[in-house]
Structures are given as C-alpha cells and as structure tokens.
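Colleague: Sharing a sequence plus its predicted fold:
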Amino acid sequence: MTTARDHSPIALLGAGVMGEALLSGLLRAGHPARLVTVSDRNPERTAQLKKGYGVRVGSTADAVAGADTVVIAVKPQDMTTLLRDVSDHLRPGTLVVSLAAGITTTFLQDRLPDGTPVARVMPNTPALVDEGMAAVSAGTHCDEAHVQIATDLMRACGRVVAVPEHYQDAVTAISGSGPAYIFYVVEAMIEAGVLLGLPRATATELVVQTLYGAATMLKETGTHPTVLREQVSSPGGTTMSALRELDDHKVRAAFLTAMEAAARRSAELAQG
Ligand SMILES: NC(=O)C1=CN([C@@H]2O[C@H](COP(=O)(O)OP(=O)(O)OC[C@H]3O[C@@H](n4cnc5c(N)ncnc54)[C@H](O)[C@@H]3O)[C@@H](O)[C@H]2O)C=CC1
Ligand SMILES: O=C(O)[C@@H]1CCC=N1
C-alpha cells in the first residue's frame, strides 16, 4: 500500500529495543535509510545505529525539524522532557506517533503545539522479525490519512489493528507485554526439561520448536485453542496429569491477575 508520505522523512526519537525493532522493519520494507534521522540521548547508541543501518543521526531538534513523521520510542518516564524539545521544533502538520506504554493522546496533545496530529501505538518486540502486533489509536487532530501513515509504519514489521484508545491499556497488557510472558513460560519449560535430565540444548530445541509449531497451528488452522488442547489431552494420559497440576497451582487465574496488573500499570504510567 502506498501513501502520500511513503518514503518521506522520519525522525526516530529514542533508539532502544523498540526503536531499533521498528527501524529495522522500516528499512527491510524499503524505507531509504537516508530518510530516517535517529536521535538518542545515548551517543553510543546512535553511533551503533548509524554504523549498523546507515541512518542519519542528529539532535532531537535536527531530527524533528526535517521530519514529516516523528516517532517517539522513549520510556514513558522520559516523555515530558522529550516533548518539550519536540514541541519547539515541530513543523505544523507533522504527525507524531508515540509507542510509549500508558501515554495517552491527551497527554501528548497537551504538550505539543495546538492542532498537532498524534497517534498512540502499542507495538511489540517480535517486530524485530517482522512478526509484530501493533494497535493504533488516533488523537483528536489525527485524520484518516494520518491513521493510515501510522498503520503503514507499523505494517512494515507485522500486523496492525486500529482500536479505540480506551482499549490501549488492555492491548498493552496482552500483546505489548505478551512476548515476555511467553518467554517466561519457555524458560520454565526448559528448566523442567533440565530437571528431567535432558541436556539444556536439547530441552531448548524441544521447547522452541513446540512453541513455534503450536503458534503456527493456532494461526494457520484458526482452530479454537480449547479444541487444540483437547486434541493433545488423551483420557488418563500424560497431558491431563500435567494440566491438572497447572489448574491446582492456579496458573490460569495467575495469568488473569497478571494481565490485570499490567493494564493497571499502563493506566498509571501517564500519571508520571
Ligand atoms: N520493549 C518493549 O517490549 C516495548 C516497549 N514499548 C514502549 O517503547 C518505548 C521504548 O521502550 P524500550 O525501547 O524498551 O526502551 P529502551 O530503554 O530500550 O529505549 C529507550 C531509548 O530512549 C532513549 N532516550 C531517553 N530519553 C531520551 C531523550 N530525551 N531523547 C532521545 N532519546 C532518549 C534512551 O537512551 C534509550 O536508548 C517505551 O515507551 C515503552 O513503553 C512498547 C511496546 C513494547
Ligand atoms: O514493560 C513495559 O512497560 C513495556 C510496554 C509493553 C512492553 N514493555
């Protein structure tokens, strides 16, 4: 899909884990490196990205002044300071896309020049391998073309959905933080394999391929996870013995409580 701002200048402010994931996806999708200016308060980081990707680097002021789209990927706690700098150099009509957890479009609009179009996006780290999941919400001054630009940006490295902004805390708890829960389960399964006497490398290969296979089944068959789980669970068999332990240890309830906590934390982050 092409848009009016295809291959127009982008400023990326904050080039940590998430910023690099998006940057690498954009470049793989064909966005010219010379049209991306990266700014990070850590000079080692900008030097790494300049060397690794051939992008331009500069101050926040330089990056913002030359951009049609400004992508902000700093921690929520660094947002207020950064927005002061951005505000001073933003050209009228420039779209500001924030990837920060918890930071609302109202928070952004209140700290940017009147009428600035802003979009709030919740991405996730699988963007690094073009399998990201991102949810986009529009601010007050964001029209359909702006939403499309934000969507196209994120589509460079995975799937994108548009959601009403009041869903964003829940989205953050599910797909934003979600990869960490999966990696946590993977770690636990590998440890279990080692406990059962498998070499760590073998346990890791078994777990990773099992995860990949199960995820592929979910995605490619569209079959409900309950049905897929039942297909593995023979009457009186091994799987039911394990699942009973997970139920006894309230693992399902723990997931619900954990994701409620993540959503609550997301809502708190805009309060500073
Ligand atoms: N890591 C993840 O899985 C996800 C992160 N996010 C959001 O993405 C944002 C970035 O998170 P990470 O990349 O994980 O953090 P990070 O700590 O890896 O990267 C943040 C970068 O921002 C830079 N920075 C801080 N203040 C700055 C300033 N004033 N000007 C320029 N650069 C500045 C830091 O030096 C750092 O390199 C956060 O708001 C987070 O909520 C959203 C979804 C997933
Ligand atoms: O933990 C965090 O706050 C960020 C937002 C979603 C994933 N990582």
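Modeller: Thanks, I have it. Ligands and ions are numbered 1, 2, ... in the order given.
Colleague: Show me what from the stretch 51-200 of the chain comes close to ligand 2.
Modeller: Along the stretch 51-200 of the chain, the residues adjacent to ligand 2 under the rule Cβ under 6 Å from any ligand atom are Ala101, Thr172, Gly176, Ser177. Using the backbone N, CA and C atoms, a C-beta is placed for each residue, glycine as well.
Colleague: repeat that for 8 Å
Modeller: By the rule Cβ under 8 Å from any ligand atom, the part of the stretch 51-200 of the chain lying against ligand 2 is 75-76, 100-102, 122, 124-125, 172, 176-177, 179-180.
Colleague: Got a PyMOL select line for the buried ones in the residues you listed?
Modeller: Buried members of those, defined by 16 or more other Cβ atoms under 10 Å, are picked up in PyMOL with:
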select buried, resi 76+100+101+102+122+124+125+172+176+177
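Colleague: of all the residues of the stretch 51-200 of the chain next to ligand 2, which comes closest to Leu112?
Modeller: Closest approach to Leu112 among those (Cβ to Cβ): Ala100, at 13.7 Å.
Colleague: so what's Met240 closest to, chain neighbours aside?
Modeller: Ser233 (5.2 Å; Cβ to Cβ, 6 or more residues apart in numbering).
Colleague: residue contacts, the one you found?
Modeller: Thr239, Met240, Leu243 (Cβ atoms under 8 Å, 6 or more residues apart in numbering).
Colleague: Within reach of ligand 2, which of those residues are there?
Modeller: Counting by Cβ under 8 Å from any ligand atom, no member of the contacts of Ser233 reaches ligand 2.
Colleague: avg pLDDT for the helix or strand where Ala215 lies?
Modeller: Assigned by DSSP states H and E, Ala215 belongs to helix 200-221. Averaged across helix 200-221, pLDDT comes to 98.
Colleague: buried stuff in that helix?
Modeller: Ala203, Thr204, Val207.
Colleague: and of those residues, the nearest to Met133?
Modeller: Val207 (21.7 Å).
Colleague: How much space separates the closest residue to the closest one other than its chain neighbours from Ala170?
Modeller: Closest residue to Val207 apart from its sequence neighbours, by Cβ to Cβ, 6+ apart: Met189 at 4.6 Å. Met189 sits 27 Å away from Ala170, going by Cβ to Cβ, to the nearest Å.
Colleague: Which members of the residues of the stretch 51-200 of the chain next to ligand 2 are positioned in helices?
Modeller: Of the positions in these, Pro179, Ala180 sit in helices, assigned by DSSP state H.
Colleague: on that earlier part again, which secondary structure elements does the helix holding Ala215 sit against?
Modeller: On a contact count with 3 or more Cβ pairs under 8 Å, 6 or more residues apart in numbering; DSSP states H and E, helix 200-221 meets helix 178-195, helix 225-232.
Colleague: Can you tell me which of these is nearest to ligand 1?
Modeller: helix 178-195 (6.6 Å; Cβ to the nearest ligand atom).
Colleague: Would you pull up how far that closest one lies from the middle of the chain?
Modeller: Put simply, helix 178-195 sits 21 Å off its chain's centre (Cα atoms, centre = their mean, to the nearest Å).
Colleague: ok, now which ones touch the residue in the stretch 1-150 of the chain positioned nearest to ligand 1?
Modeller: With Cβ to the nearest ligand atom as the measure, Gly16 is the residue of the stretch 1-150 of the chain nearest to ligand 1, at 1.8 Å. Counting by Cβ under 8 Å, 6+ apart, Gly16 makes contact with Asp40, Arg45, Ala73, Val74.
Colleague: repeat for Pro92
Modeller: Contacts of Pro92 (Cβ under 8 Å, 6+ apart): Pro113, Gly115.
Colleague: quick check, it in a strand?
Modeller: No. Pro92: not assigned to a strand; according to DSSP: H, G, I helix; E, B strand; the rest coil it is coil.
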